[in-house]
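Peer 1: heads up, no residue letters with this:
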């Protein structure tokens, strides 16, 4: 059994969330690549390149002073520059790690912004590794780097060591949050975007094509996924709306059926004002959800059927258990039970006013009522 397999798998897998991170922070005209110029790289329309190597560990810092990962990364960058695939002046070199450790050599290199600081960091590295012999596993890379010291100085000035989260997902969550995505949609969006990136990369690699994704292609996919995400959440279109006194007063003047139903069980004035607000909010949201295709009419009817079935069951239960109660009290109890009912719409929890407001809508349509004799009351035209 290969005990290094989990760590190796994490290392390979890290490229996909890192590629997605660079796509989320990219701009029009940018192209993000996987395994083209490094583990992950990006190029803008001016030819500026960011090349990133991703190093991971499940146990600790993957780029210690004497780690092969550290010196092989510098070695590979120098070779790539010497072969003409990268230019130091138009490139940025990132070493991304999923675990932190003491500052060490890599931290000192990363802080350099002036030539004197580079000289000091190089002297520190040479001192720390003075006992390295030719049979050491990093010797080939370390020796090559130090034999190309002038070029390496230039590289250090364009080098950055980044330490991220253990799996690379915290950075994704932050970037998605910056795009003002509701919290309930973020994991869905990350999962879908990550799956799309992985699929695109694997398809291109299997076709022996460079794995490159343009900002334009990514943006198009984002729009589709964002639209799908919005469809998974019942947006409260009435959020922030305060219904005016005149609008509420108009409901009392016209005395729609749902208010008459409440009068029949002697609801208080405050309860009836609350009912008007819930009724109007539920009506607005229902219409907007259908208009924006978050739900369709069939889903709305199915939701109403669930409410009606619950109402009927509660009505029968109250009749059986509360035979000694007067009719008005039975009606109040039935209304309260229905207001407490929790039900979803397409597995989504609706805004707080939706269930109560829809019950008032059904009461307004005379589909159901609160008073035990509501049908008789309305059929006889006694109100």
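Peer 2: Sure thing, it's come through. Keep in mind the model is a prediction, meaning the values are calculated, not measured. Residues are numbered from 1 along each chain as shown.
Peer 1: Correct me if wrong: residue 51 contacts residue 38.
Peer 2: Yes - proximity of residue 51 to residue 38 meets the contact threshold set by CB atoms under 8 Å, at 4.0 Å. Backbone N, C-alpha and C define where each C-beta goes, glycine included.
Peer 1: how about the strands in this protein?
Peer 2: 31-34, 40-43, 49-55, 91-97, 159-163, 211-214 (DSSP state E).
Peer 1: Rebuild those strands as CSV, extending it with distance to residue 123 and mean pLDDT.
Peer 2: Listed next are the strands of the chain as CSV, based on distance: least, CB to CB, whole Å; pLDDT from 0 to 100:
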stretch, distance to residue 123, mean pLDDT
strand 31-34, 35, 97
strand 40-43, 31, 96
strand 49-55, 24, 95
strand 91-97, 21, 95
strand 159-163, 17, 94
strand 211-214, 40, 97
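Peer 1: Nearest to residue 114, out of those?
Peer 2: Shortest distance between residue 114 and these, using CB to CB, is found for strand 159-163: 13.4 Å.
Peer 1: List the pairing partners of that closest one within its sheet, with orientation.
Peer 2: Sheet pairing for strand 159-163, assigned by DSSP bridges, gives strand 91-97 (parallel).
Peer 1: The partner strand vs strand 49-55, what angle?
Peer 2: Between strand 91-97 and strand 49-55, the angle comes out at 20 degrees (axes from the mean of the first three to the mean of the last three CA atoms, to 10 degrees).
Peer 1: coming back round to it: kindly reformat the strands of the chain as JSON lines containing distance to residue 149 and mean neighbour count.
Peer 2: Output for the strands of the chain, formatted as JSON lines (distance: least, CB to CB, whole Å; neighbours: other CB atoms under 10 Å):
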{"stretch": "strand 31-34", "distance to residue 149": "29", "mean neighbour count": "24"}
{"stretch": "strand 40-43", "distance to residue 149": "25", "mean neighbour count": "25"}
{"stretch": "strand 49-55", "distance to residue 149": "21", "mean neighbour count": "23"}
{"stretch": "strand 91-97", "distance to residue 149": "16", "mean neighbour count": "22"}
{"stretch": "strand 159-163", "distance to residue 149": "14", "mean neighbour count": "18"}
{"stretch": "strand 211-214", "distance to residue 149": "33", "mean neighbour count": "19"}
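Peer 1: Okay, now the unreliable bits of the stretch 51-200 of the chain?
Peer 2: In the predicted model, the stretch 51-200 of the chain carries pLDDT under 70 at residues 58, 101, 184.
Peer 1: Would you map the helices across the stretch 151-300 of the chain?
Peer 2: 169-178, 183-206, 215-231, 245-254, 257-264, 269-291, 297-321 (DSSP state H, counting those that start in this stretch).
Peer 1: residue contacts, residue 17?
Peer 2: By CB atoms under 8 Å, 6 or more residues apart in numbering, the contact set of residue 17 is 167, 168, 169, 171, 172, 194.
Peer 1: Not counting its neighbours along the chain, what's nearest the residue nearest to the spatial centre of the chain?
Peer 2: Note on the chain: the residue nearest the mean C-alpha position is residue 186, at 1.5 Å, using CA atoms, centre = their mean. Leaving aside its chain neighbours, residue 186 sits nearest to residue 176 (4.9 Å; criterion: CB to CB, 6 or more residues apart in numbering).
Peer 1: Please report the distance of the one you found from residue 373.
Peer 2: For residue 176, the distance to residue 373 (CB to CB, to the nearest Å) stands at 55 Å.
Peer 1: Check residue 226 too.
Peer 2: 51 Å.
Peer 1: One more: residue 136?
Peer 2: 94 Å.
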